[in-house]
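*Asks:* Fold the following.
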Amino acid sequence: MELLETLIAETTRQWQMLDAFFEQRAQRGGGGGESIGEDVPPLPPPPHEPHFMVLIQPLLGFHHLLNRQEAIHHNLDDACQAILEWNCFAALDGVLRKHENLLAAIPDPCESSTGEGGAEGASRGEIPPPGQEALFVEGEQIHPSPLVVVEKERHRLRETLKELFVAAAIRFYFTHDNPICGGLLSDLEAALSAPEQEGAVAATSAKLKRMVDVHAVMAVLHNLYNLIASTGGLPKLPLLPALNDPSEREKLQQHVVTRVLEVYAFLYAVLEHKLRDASSSESSIHSVVKLNDEEASMFADMDPAKLRMLMDA
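*Replies:* Residues are numbered from 1 along each chain as shown. The predicted structure follows:
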C-alpha cells in the first residue's frame, strides 16, 4: 500500500506539471507568441492506463490471489480469509479515496473500445480478468471505477462476515454438543422469517417429544442467561480484533448479539408453547412434559424480556 501511495502521488505530481506546462503554452499561443498559422496542440488527455493501475488491478482481485495461495487457502478458515480480504480492501479504499480526483479524471477504458473492440468483446462473450469485471448494457461495455469495485467487494465481505460469525455464535451457544437444539434450529432462517411466527413455533415445538428434550433446551437457555447476567452481555467475538475497522467491528458484534437474542427468544417461545400445550391436554402422552415448581420458577426468570433488560443495564 505504501508503494501504491507513492506511485499515485508521483503520478499526480507529473500530471499537474504537464497540465501547468500545456496551460502555459496555450496562453502563450493565445497571446500571439506563436507564428501565424501554427496550431497550438491541445492539452493531452489524462493517461489512459497509469502505471499505478498495474498495482491496483491485482488488489481488486485479491480473493482470486488468495485462492491461488495454497498455504493460506488450506490453513486459514473462511472467517480468517474474509478478514484478510476485508483488511486489504479497507486499506486500498483508504488510499484511493485520497486521490478521487485523479481516478475520476482517468477516462473510461471502454470509451475507446465500445466501438470496435468493446462491441466485438461483448459479442464474443470475453470474460475480463479478476478485478476488471465489466458490465454489458445493450452491447456497451461499462467498466466501474476502482472505488466502485472496492465498495462492492466490501459489501460482499461484510455480508459474508455476518453469516460466518452468526453461524459460529449459534453453534457455540446453542447447538454445540446439543443435538436437540440442533434439530430445532435446523431450519432457523425459515422459522424466524415466517409470516406466521406462531405457526413456526408450534411446528418446531412438535419436535419435543420427551421431558429430556425440554430439559436439554432449558439447559442451553439457562447457561446463556447466566452468562449474560454475570457479565452484562456477550463476550467479544473471537478474531474480531483482527478486523482493522473499529466501526465495522462494533456493527458486526451488535449484529451477532441481535441474532443470538432472536434465537434465544425463538427457543423460549418453543418451550413455552410446548409446556402450555401439554398443560392444556389431558392426554397421558402430553402429561409427561411438565415442569416442577422450581423449574417453572426458573423458566419464568429466563424470559427474553428480562434478558434484554440485563443487556441494556
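*Asks:* and stretch 259-275, average pLDDT?
*Replies:* For stretch 259-275, mean pLDDT rounds to 93.
*Asks:* Which positions within it qualify as buried?
*Replies:* Using 16 or more other Cβ atoms under 10 Å as the test for burial, stretch 259-275 gives 259-261, 263-275. (C-beta placed from N, C-alpha, C; glycine too.)
*Asks:* Ok, stretch 172-190 next?
*Replies:* For stretch 172-190, by 16+ other Cβ under 10 Å, it's 173-175, 178, 180-181, 184-185, 188.
*Asks:* ditto for stretch 227-241
*Replies:* 228, 234, 237, 239-240.
*Asks:* quick one: terminal-to-terminal distance for it?
*Replies:* Taking Cα to Cα, to the nearest Å, stretch 227-241 runs 21 Å from one end to the other.
*Asks:* contact partners of that stretch?
*Replies:* Stretch 227-241 has contacts (Cβ atoms under 8 Å, 6 or more residues apart in numbering) with 79-80, 83, 165, 169, 249, 252-253, 256-257, 260, 307, 310-311, 313.
*Asks:* ok, now with 6 Å
*Replies:* Residues from elsewhere that reach stretch 227-241 (Cβ atoms under 6 Å, 6 or more residues apart in numbering): 79, 165, 249, 253, 257, 310-311.
*Asks:* out of these, which are buried?
*Replies:* Among the contacts of stretch 227-241, those classed as buried by 16+ other Cβ under 10 Å are 79, 165, 249, 253, 257.
*Asks:* can you give me the strands for the stretch 101-250 of the chain?
*Replies:* 135-137, 140-142 (DSSP state E, counting those that start in this stretch).
*Asks:* and those, which one is worst for confidence?
*Replies:* strand 135-137 has the lowest average pLDDT among the strands of the stretch 101-250 of the chain, namely a mean of 39.
*Asks:* quick revisit: dump the contacts of stretch 227-241 into a markdown table; add distance to E198 and secondary structure as well.
*Replies:* Listed next are those as a markdown table, based on distance: Cβ to Cβ, whole Å; DSSP: H, G, I helix; E, B strand; the rest coil:
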| residue | distance to E198 | secondary structure |
| --- | --- | --- |
| A79 | 35 | helix |
| F165 | 29 | helix |
| R249 | 36 | helix |
| Q253 | 31 | helix |
| V257 | 25 | helix |
| L310 | 26 | helix |
| M311 | 25 | helix |
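*Asks:* Make a markdown table out of the buried residues of stretch 172-190 and add pLDDT.
*Replies:* Listed next are the buried residues of stretch 172-190 as a markdown table, based on pLDDT from 0 to 100:
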| residue | pLDDT |
| --- | --- |
| Y173 | 95 |
| F174 | 94 |
| T175 | 92 |
| N178 | 89 |
| I180 | 90 |
| C181 | 91 |
| L184 | 89 |
| L185 | 89 |
| L188 | 82 |
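*Asks:* wait, which of those residues is closest to V149?
*Replies:* Of all those, V149 sits closest to L188, with 33.2 Å by Cβ to Cβ.
*Asks:* And that closest one, how far from A168?
*Replies:* 14 Å (Cβ to Cβ, to the nearest Å).
*Asks:* cool, M211 as well?
*Replies:* For M211 relative to A168 (Cβ to Cβ), the value is 30 Å.
*Asks:* Which one's more surrounded, those two?
*Replies:* Looking at M211 and A168 with other Cβ atoms under 10 Å, you find the greater number of neighbours at A168, namely 18 against 14.
*Asks:* Contacts only, for the more buried one.
*Replies:* A168 touches nothing, counting by Cβ under 6 Å, 6+ apart.
*Asks:* pLDDT score for the nearest residue to L164 once chain neighbours are set aside?
*Replies:* Counting by Cβ to Cβ, 6 or more residues apart in numbering, L164 lies nearest to A79, which is 4.7 Å off, once chain neighbours are set aside. As predicted, A79 sits at a pLDDT of 91.
*Asks:* same question, the one 4 residues further on
*Replies:* I83 is assigned a pLDDT of 92 by the prediction.
*Asks:* same thing with E153?
*Replies:* 90.
*Asks:* quick one, phi/psi of the closest residue to it other than its chain neighbours?
*Replies:* With Cβ to Cβ, 6+ apart as the criterion, E153 has its nearest non-adjacent residue at 5.1 Å, and that residue is F89. For F89, the backbone dihedrals (degrees, to the nearest 10) come out as phi -70, psi -30.
*Asks:* so who does F89 touch?
*Replies:* Going by Cβ under 6 Å, 6+ apart, the list of residues near F89 reads 150, 153-154.
*Asks:* which of these has the most neighbours?
*Replies:* V150 (24 neighbours).
*Asks:* which residue sits closest to that residue, ignoring its sequence neighbours?
*Replies:* D93 (4.9 Å).
*Asks:* Do I have it right that that neighbour meets V149?
*Replies:* No. Contact criterion Cβ atoms under 6 Å: D93 and V149 do not qualify, at 10.2 Å.
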